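1. Just need the structure, nothing else, for what follows:
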Amino acid sequence: MTLEHHPLHQEFPEFQGELQRLLGQDAHFSKLAADYSALDKQIFQVEDGRQAMDDMALKALKNERVKLNLEIARQLQAASKA
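-> Numbers count the residues shown, from 1 in each chain. Presented below is the predicted three-dimensional model:
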């Protein structure tokens, strides 16, 4: 299995302008992005064997990353329409 990080700039290549603008101007968005990034890093470390975690806990982290991803996508889409 190939391990990958899922950074926001790769997840949302079509929203690069909005991503940079929101990161610089919106504290709530910046917090969501930081939380997403921290989760992505932790998930990668578990999958790479650098951090121990049971499957249920890892699944919970992945579900949280998906929720954050969806909220970030929603905000990026709204920003692109503004």
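2. which residues touch the most centrally placed residue in the chain?
-> By Cα atoms, centre = their mean, the chain has its centre lying nearest to residue 36, at 3.4 Å. Taking Cβ atoms under 8 Å, 6 or more residues apart in numbering as the definition of contact, the neighbours of residue 36 are 8, 65, 68, 69, 72. Where you see a C-beta, it was placed from the backbone N, CA and C, and this is true even at glycine.
3. Name the nearest of those residues relative to residue 20.
-> Distances from the contacts of residue 36 to residue 20 were compared by Cβ to Cβ; the smallest belongs to residue 8, at 10.3 Å.
4. and that closest one, backbone torsions?
-> As for residue 8, its main-chain torsions (degrees, to the nearest 10) stand at phi -60, psi -40.
5. And it, how close does it get to residue 23?
-> Distance, residue 8 to residue 23, using Cβ to Cβ, to the nearest Å: 9 Å.
6. can you list residues touching both of these two?
-> Overlap of the contact sets of residue 8 and residue 23 (by Cβ under 8 Å, 6+ apart) consists of residue 33.
7. the more surrounded of those two?
-> residue 8 (21 against 15; other Cβ atoms under 10 Å).
8. Let me see the contact set for the more buried one.
-> With contacts defined as Cβ under 8 Å, 6+ apart, the neighbours of residue 8 are 19, 33, 36, 37, 72.
9. List the buried residues for the lengthiest helix in the chain?
-> The residue-count maximum for a helix in the chain (DSSP state H) belongs to helix 55-81. Of the residues in helix 55-81, 65, 68, 69, 72, 75, 76, 79 count as buried by neighbour count, 16 or more other Cβ atoms under 10 Å.
10. Those residues: which two are farthest apart?
-> Of all pairs drawn from those, the one with the largest separation by Cβ to Cβ is 65 and 79; the distance is 20.7 Å.
11. Please, which helix or strand holds the residue nearest to the centre of the chain?
-> When elements are assigned from DSSP states H and E, residue 36 belongs to helix 27-47.
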